[in-house]
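*Asks:* Model the following, please.
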Amino acid sequence: EVQLVESGGGLVQAGGSLRLSCAASGFTFEDYSIGWFRQAPGKEREGVSCIDNSNGRTDYADSVKGRFTISEDNAKNTVYLQMDSLKPEDTAVYYCNTNLGRNGVLWGQGTQVTVSS
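*Replies:* Numbers count the residues shown, from 1 in each chain. This next block holds a predicted model:
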């Protein structure tokens, strides 16, 4: 089955850390980029970070640069998002995503991250 499954969300105090995981299956992981997005209540979904699994190139939204780190483990078909120095404004549902071209855009089910002040 072609799918992305996120995990690792939870409740953390401001200044704390969480590591999200995005496990992929059903497609050739190394051929695609994986992105992390988030959606806070009442707000539009926004891009957070992405990684090109073919060359390891990464990109980050300005709001998370220096605090979040995206990485990949091709042996496990998994992308991670290490989130440090978390702020209450990071509270959102976090989703991972990949564009499979003619096979469409694939989204995970999301994982809730809540940062208390």
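*Asks:* Quick check, central residue of this protein?
*Replies:* Taking C-alpha atoms, centre = their mean as the criterion, Trp36 is the residue nearest the geometric centre of the chain, at 3.0 Å.
*Asks:* so what does whichever strand or helix holds it touch, helix or strand wise?
*Replies:* Per DSSP states H and E: Trp36 is located in strand 33-39. Applying 3 or more C-beta pairs under 8 Å, 6 or more residues apart in numbering; DSSP states H and E, we find strand 33-39 packed against strand 18-25, strand 46-52, strand 78-83, strand 92-99. From N, CA and C alone the C-beta is placed, and that goes for glycine too.
*Asks:* Can you tell me how far Asn74 is from Ser49?
*Replies:* 17 Å (C-beta to C-beta, to the nearest Å).
*Asks:* between these two, which one's more packed in?
*Replies:* Ranked by neighbour count (other C-beta atoms under 10 Å), Asn74 and Ser49 place Ser49 first, with 22 against 12.
*Asks:* count of residues packed around the closest residue to that one other than its chain neighbours?
*Replies:* The shortest distance from Ser49 to any non-neighbouring residue, by C-beta to C-beta, 6 or more residues apart in numbering, is to Ile70 (4.4 Å). By other C-beta under 10 Å, 23 other residues sit near Ile70.
*Asks:* And Pro41, by the same measure?
*Replies:* 7.
*Asks:* ditto for Leu106
*Replies:* Other residues close to Leu106 by other C-beta under 10 Å number 18.
*Asks:* That one should be in a strand, yeah?
*Replies:* Yes. Assignment of Leu106 by DSSP: H, G, I helix; E, B strand; the rest coil places it within a strand.
*Asks:* What does the pLDDT read for the residue nearest to it when sequence neighbours are not counted?
*Replies:* Distance criterion C-beta to C-beta, 6+ apart; nearest residue to Leu106, sequence neighbours excluded, is Thr98 at 5.2 Å. Note for Thr98: predicted pLDDT of 96.
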